[in-house]
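Peer 1: need a structure here:
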Amino acid sequence: MAYRIEYRPIVKLHFRTLTARQRSIVLDSVDEQLSYEPTVITRNRFLMRPDSIATWELRIGELRVYYDVEEDPEQVVYILSVGVKEGNLVRIGTEVISP
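Peer 2: Numbering: from 1, shown residues only. Predicted coordinates for the structure are as follows:
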């Protein structure tokens, strides 16, 4: 059964700082990689440290998608933020963080 993908409202602001191509890549990759088995660790998808901004991170080249997964009562993937990796930092919207 497929997981439902839900974007938090703040992600709209994060998308505004991305190019149209980057937005398209994120949307396609999220649908492809997180609709089924979003909690399976892969080369580009892994658990983050407990004090991080999300439980999971999806790497798509220089793009980063941070998300949480809910199994019960529904299977839902919550996209919490989207950013761009720049050196050792990630730019999420207008904010720069150290992951």
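
Peer 1: residues in contact with the helix or strand of the chain with the lowest mean pLDDT?
Peer 2: One helix or strand of the chain scores below all others by mean pLDDT, DSSP states H and E: strand 95-97, with a mean of 88. The contact list for strand 95-97 (C-beta atoms under 8 Å, 6 or more residues apart in numbering) reads 53, 83, 86, 89-90. In this view, the C-beta of every residue, glycine as well, is placed from N, C-alpha and C.

Peer 1: And those, which is closest to residue 28?
Peer 2: residue 83 (17.2 Å; C-beta to C-beta).

Peer 1: Verify the stated contact: that closest one with residue 92.
Peer 2: Yes - with contact defined as C-beta atoms under 8 Å, residue 83 reaches residue 92; the gap is 3.7 Å.

Peer 1: and residue 28, how many neighbours?
Peer 2: By other C-beta atoms under 10 Å, 11 other residues sit near residue 28.

Peer 1: give me the element it is part of.
Peer 2: helix 20-34 (DSSP states H and E).

Peer 1: Check which residues of the least confident helix or strand of the chain are buried.
Peer 2: Residues of strand 95-97 classed as buried: none (neighbour count, 16 or more other C-beta atoms under 10 Å).

Peer 1: Now residue 65: closest residue in space, sequence neighbours ignored.
Peer 2: Spatial nearest neighbour of residue 65, excluding adjacent residues (C-beta to C-beta, 6 or more residues apart in numbering): residue 58 at 4.2 Å.

Peer 1: residue contacts, that neighbour?
Peer 2: 29-30, 33-34, 44-45, 64-67.

Peer 1: Turn the residues you listed into TSV, columns for neighbour count, pLDDT and distance to residue 22.
Peer 2: Formatted as TSV, these follow (neighbours: other C-beta atoms under 10 Å; pLDDT from 0 to 100; distance: C-beta to C-beta, whole Å):
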residue	neighbour count	pLDDT	distance to residue 22
29	17	97	10
30	20	97	12
33	18	96	16
34	21	97	17
44	13	95	16
45	19	96	18
64	22	97	11
65	25	97	11
66	24	96	15
67	24	97	17
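
Peer 1: okay if I get those as a markdown table plus distance to residue 3?
Peer 2: Shown next, in a markdown table, are these (distance: C-beta to C-beta, whole Å):
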| residue | distance to residue 3 |
| --- | --- |
| 29 | 14 |
| 30 | 10 |
| 33 | 11 |
| 34 | 7 |
| 44 | 17 |
| 45 | 13 |
| 64 | 19 |
| 65 | 14 |
| 66 | 16 |
| 67 | 10 |
